[in-house]
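>>> A predicted structure for the sequence below; I have some questions about it.
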Amino acid sequence: MKVTSALAGGLAGTVTVASLHEALRRITPNAPRMDLLDMELIRKGLKAINKKQPSQEGLQRWAVGGELISDTAYYGLAGIGGKKSVWLRGALLGLAAGITAAVLPKPLHLHEQANKTLGTSLMTIGLYLAGGLAAAAMAQLVENAQTNDEDVEEFSEGIF
């Protein structure tokens, strides 16, 4: 698959996770709060290197920007490789991210925003799985559209 397909897939995965996360946050008090976890990680990282802590609004901007870049790159991996395994890669990437997000906060001594309850843990895993599947779907869609455009272009060049 092409880089554009992978990037489009990565962005779709990121937007899917962020949108579902926000919707769940508004619906249920047991929703995973990955936004708070991200800000806590940034705070601890800056503290570890003796850097000034930004305001709450600044932390939120850093967290959103960091998620946009890192999650897009991560989910973009679903679109790297052959077309046949794009769905498997997307599902595995999503599951890996979800399980990691649900399991790692405790050993990293972070607030357990992603695994407050069993339901929260399952929502966390589901969010990231949905992101991986969205990434696979978009990567495949863009790849197919590009392939179809190339086929039409080759056909039209042969006619004219």
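Arrived safely. Owing to the predicted nature of the structure, the values given are computational and were not obtained by experimental measurement. Residues are numbered from 1 along each chain as shown.
>>> just how off-centre is stretch 112-130 within its chain?
Offset of stretch 112-130 from its chain centre (C-alpha atoms, centre = their mean, to the nearest Å): 14 Å.
>>> Residue numbering should commence at 7 henceforth.
With 7 as the first residue, the last one maps to stretch 118-136.
>>> these two touch, right, L17 and T78?
Yes: taking C-beta atoms under 8 Å as the definition, L17 is a contact partner of T78 at 5.2 Å. For glycine as for every other residue, the C-beta is placed from the backbone atoms N, C-alpha and C.
>>> Can you name every helix or strand that the longest helix along the chain contacts?
Of all the elements of type helix in the chain, the one with the most residues (DSSP state H) is helix 124-165. When contacts are defined as 3 or more C-beta pairs under 8 Å, 6 or more residues apart in numbering; DSSP states H and E, helix 124-165 packs onto helix 9-33, helix 62-82, helix 92-109.
>>> which one of those helices lies closest to Q152?
helix 9-33 (6.8 Å; C-beta to C-beta).
>>> on contacts alone, who are the packing partners of that closest one?
If you count contacts as 3+ C-beta pairs under 8 Å, 6+ apart, helix 9-33 packs onto helix 40-54, helix 62-82, helix 92-109, helix 124-165.
>>> Next, the angle helix 92-109 makes with it.
40 degrees (axes from the mean of the first three to the mean of the last three C-alpha atoms, to 10 degrees).
>>> Look at P35 and give its secondary structure.
coil (DSSP: H, G, I helix; E, B strand; the rest coil).
>>> any idea of the pLDDT on it?
P35 is assigned 90 on the pLDDT scale.
>>> likewise K50?
Predicted confidence (pLDDT) for K50: 87.
>>> again, but for A120
65.
>>> Repeat that for S162.
With respect to pLDDT, S162 scores 51.
>>> now D155
We have a pLDDT of 62 for D155.
>>> do the same with K112
83.
>>> The one 5 residues further on now?
H117 is assigned a predicted lDDT (pLDDT) of 77.
>>> Roughly how far does it sit from L135?
23 Å (C-beta to C-beta, to the nearest Å).
>>> Give me the more crowded residue out of the two.
Per other C-beta atoms under 10 Å, whichever of H117 and L135 has more neighbours is L135, with 21 against 12.
>>> Go ahead and confirm that one touches G100.
Yes: counting by C-beta under 8 Å, L135 touches G100, with 3.9 Å between them.
>>> how about K122, secondary structure?
coil.
>>> was I right about it contacting N36?
Yes: the criterion here is C-beta under 8 Å, and K122 meets it with N36 at 6.1 Å.
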